[in-house]
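[1] Give me a model of this one.
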Amino acid sequence: MTEDEAWDLFTGKLLDEDKVSPEKRSGKDAGISMTDERAIGKLCRRIGEARQKHPQFARDQYEAYSVIYLELCEFRDAVGNREPRDRQIDEALDVAATAMRFVMGEYEHAR
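    Numbering: from 1, shown residues only. Got it, this is the predicted structure:
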């Protein structure tokens, strides 16, 4: 995935199906471990999906912290309950996405 394709994921643009295979979009190319580029692409996609599902992330930094904490608890449970690795990665991405929305100050726009 190129930087431009990752940016498109981040901003919610549709992928050009001819340029990015379903395997690459899912991060499941056979025999290849997840690269930094694919991990960042997954995070960008998760942030875009979160923005669509929850346009208002939080009203202030305290509510933002609560959202991050709840996602962290879900990640802890996925690991603690020995759920499949894909589920654990999904929860870790949710933690990272909510933390990045905090870093980007998205709660400030709610005022």
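[2] Confidence-wise, which helix or strand of the protein is lowest on average?
    helix 22-26 (a mean of 55; mean pLDDT, DSSP states H and E).
[3] so for the helix or strand just after it, what's the average pLDDT?
    Under the assignment DSSP states H and E, the closest C-terminal helix or strand after helix 22-26 is helix 36-53. Averaging pLDDT along helix 36-53 gives 91.
[4] Would you mind putting the CA coordinates of the one helix or strand Ala78 maps to into PDB?
    Per DSSP H and E, Ala78 falls inside helix 61-80. The C-alpha atoms that make up helix 61-80 are tabulated as PDB, following Å, rounded to 0.1, in the frame of the first residue of the first chain:
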ATOM      1  CA  GLN A  61     -10.700  15.300  27.100                       C
ATOM      2  CA  TYR A  62     -12.200  13.500  30.100                       C
ATOM      3  CA  GLU A  63     -14.900  11.800  27.900                       C
ATOM      4  CA  ALA A  64     -12.100  11.000  25.400                       C
ATOM      5  CA  TYR A  65     -10.100   9.400  28.100                       C
ATOM      6  CA  SER A  66     -13.200   7.300  29.000                       C
ATOM      7  CA  VAL A  67     -13.600   6.100  25.400                       C
ATOM      8  CA  ILE A  68     -10.000   5.100  25.200                       C
ATOM      9  CA  TYR A  69     -10.200   3.300  28.500                       C
ATOM     10  CA  LEU A  70     -13.300   1.400  27.500                       C
ATOM     11  CA  GLU A  71     -11.500   0.300  24.300                       C
ATOM     12  CA  LEU A  72      -8.500  -0.700  26.300                       C
ATOM     13  CA  CYS A  73     -10.700  -2.900  28.500                       C
ATOM     14  CA  GLU A  74     -12.100  -4.600  25.500                       C
ATOM     15  CA  PHE A  75      -8.500  -5.300  24.200                       C
ATOM     16  CA  ARG A  76      -7.600  -6.600  27.700                       C
ATOM     17  CA  ASP A  77     -10.600  -9.000  27.600                       C
ATOM     18  CA  ALA A  78      -9.800 -10.200  24.100                       C
ATOM     19  CA  VAL A  79      -6.200 -11.000  25.200                       C
ATOM     20  CA  GLY A  80      -7.200 -12.400  28.600                       C
END
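[5] Appreciated, that's everything.
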